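Chemist: What follows is a predicted structure for the sequence shown.
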Amino acid sequence: MIKHFTSLASFSPSSIQSLIDRAQYFFLNQNQPDKFHHHLHHKMIANVFYEPSTRTRFSFEIAAKRLGAGLVNFSPENTSVKKGETVYDTLKCLESLGVDAIVMRHSDDYIFETLQDKFQTPLINAGAGKFEHPSQGLLDLLTLHQEFGKLQGLKIAVCGDIKHSRVAGSLMIAAEKFGMQLYLCGPDALLPDTNQSFIKKANFDDVLPEVDAVMMLRIQLERHENLELNPQTYHQQFGMNEKRIQRMKREAIILHPGPFNRGIEISDEIVEHKQSRIFKQMGNGVHARMAILEWSQNRGQP
Ligand code: CP
């Protein structure tokens, strides 16, 4: 039985679909919070963020509270990390204190691989280095499913710093599981090598008329040592703007996991364009994370 939510790779398509369906239930019933505000009553969730976050951290917090759980927030600045406490010891401390699930973000790609066999308490990956961001993957799938009523066969262009993107990491795993076609676009130096038929490198402008969705990604300046980036040149070559949206199908949508650099990978007016689903996608973070937290306390179902 899967204990931790650390990678979409561990889940079958039907298990992921069950989580999407559950998240959609929370989405549809968001105005009737009485229906589920006792589901995690008396449970305690720990939010452990070693890297900054706005969307993921607060949506996990809101998700926990919507389900009736209590929540403690950890950040390294004001804890015993300052005295040399390791990640393992911090998590063991939280487990000893009796938390029911630990949501964690960390810069190390392999942090969950190293730790997961050592914990009975469910660990939930809220972003691990450049490896995976599976709760973001789930909310992205939920958003696509809401828009198109299916995932199978969808064509998605992903544009930007894909090599350093854990969001793209989770989307690539999902693409294989659900039969989606991904087109990787951006500067050559920021694209990963791929030899899988469902993931192809492509010229951004060429694929725009073909795709159902475009996932714009931020250049992750914090993960580069020597990247020289001219924002204007980048925007001209790879930015989403009015000119490029004209090349897309009218029913195609724009996604972005956030945070966004307005004027670099996406122009200001596109963020709230009628084809953008960026804020809907963000809001889905709460519904998807409610499904994940609930799953973590009823493991094995789905
Ligand atoms: N998409 C995402 O992970 O955003 P935050 O870094 O704000 O959590």
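Modeler: That came through, no problem. Numbering: from 1, shown residues only.

Chemist: tell me the SS of Phe60?
Modeler: helix (DSSP: H, G, I helix; E, B strand; the rest coil).

Chemist: That one against Leu293, yeah?
Modeler: Yes. Using CB atoms under 8 Å, Phe60 is in contact with Leu293, at 7.4 Å. Every residue, glycine included, has its C-beta placed from N, CA and C.

Chemist: Could you pull out the residues contacting both of those two?
Modeler: Counting by CB atoms under 8 Å, 6 or more residues apart in numbering, the common neighbours of Phe60 and Leu293 are 45, 124.

Chemist: show me the contacts for Gly169.
Modeler: Contacts of Gly169 by CB under 8 Å, 6+ apart are 130-133.

Chemist: Could you say which helix or strand holds it?
Modeler: Using DSSP states H and E, Gly169 sits within helix 166-178.

Chemist: Tell me how far that helix lies from the chain's centre.
Modeler: 10 Å (CA atoms, centre = their mean, to the nearest Å).

Chemist: tell me the mean pLDDT for that helix?
Modeler: For helix 166-178, the mean per-residue pLDDT is 97.

Chemist: And stretch 41-50, by the same measure?
Modeler: 97.

Chemist: Compute the number of surrounding residues for the closest residue in space to Gly70 that isn't next to it in sequence.
Modeler: Of all residues not flanking Gly70 in the chain, Met44 sits nearest, at 4.7 Å (CB to CB, 6 or more residues apart in numbering). A total of 16 residues lie near Met44 under the criterion other CB atoms under 10 Å.

Chemist: residues in contact with Met44?
Modeler: Neighbour list for Met44: 69-72, 98-100 [criterion: CB under 8 Å, 6+ apart].

Chemist: Which parts of the stretch 201-302 of the chain are helices?
Modeler: 204-207, 231-238, 242-245, 268-271, 278-297 (DSSP state H, counting those that start in this stretch).

Chemist: What residues of the longest one count as buried?
Modeler: Taking 16 or more other CB atoms under 10 Å as the neighbour-count basis, helix 278-297 is seen to contain the buried residues 278, 280-296.

Chemist: ok, and the closest non-adjacent residue to Asp268?
Modeler: Arg262 (4.8 Å).

Chemist: typo on my end, it should be Glu269
Modeler: Here the residue nearest Glu269, using CB to CB, 6+ apart, is Glu242, at 6.5 Å.

Chemist: Roughly how far does the one you found sit from Ile266?
Modeler: 11 Å (CB to CB, to the nearest Å).

Chemist: Then Ile20?
Modeler: 26 Å.

Chemist: The two: which has the busier surroundings?
Modeler: Ile266 (27 against 23).

Chemist: Now do the residue lying closest to the more buried one once chain neighbours are set aside, the pLDDT please.
Modeler: Among residues not flanking Ile266 along the chain, Met240 sits closest, at 4.7 Å (CB to CB, 6+ apart). pLDDT, Met240: 98.

Chemist: Ok, Lys163 next?
Modeler: Each residue has a pLDDT score; the one for Lys163 is 92.

Chemist: How about the secondary structure of it?
Modeler: Under three-state DSSP, Lys163 comes out as helix.

Chemist: Was I right to think it contacts Pro192?
Modeler: Yes. Between Lys163 and Pro192 there is a contact under CB under 8 Å: 5.0 Å.

Chemist: and the gap between the residue lying closest to Ala168 once chain neighbours are set aside and the ligand?
Modeler: Excluding its sequence neighbours, the residue lying closest to Ala168 (CB to CB, 6+ apart) is Ile162, at 4.5 Å. Using CB to the nearest ligand atom, to the nearest Å, Ile162 is found at 15 Å from the ligand.
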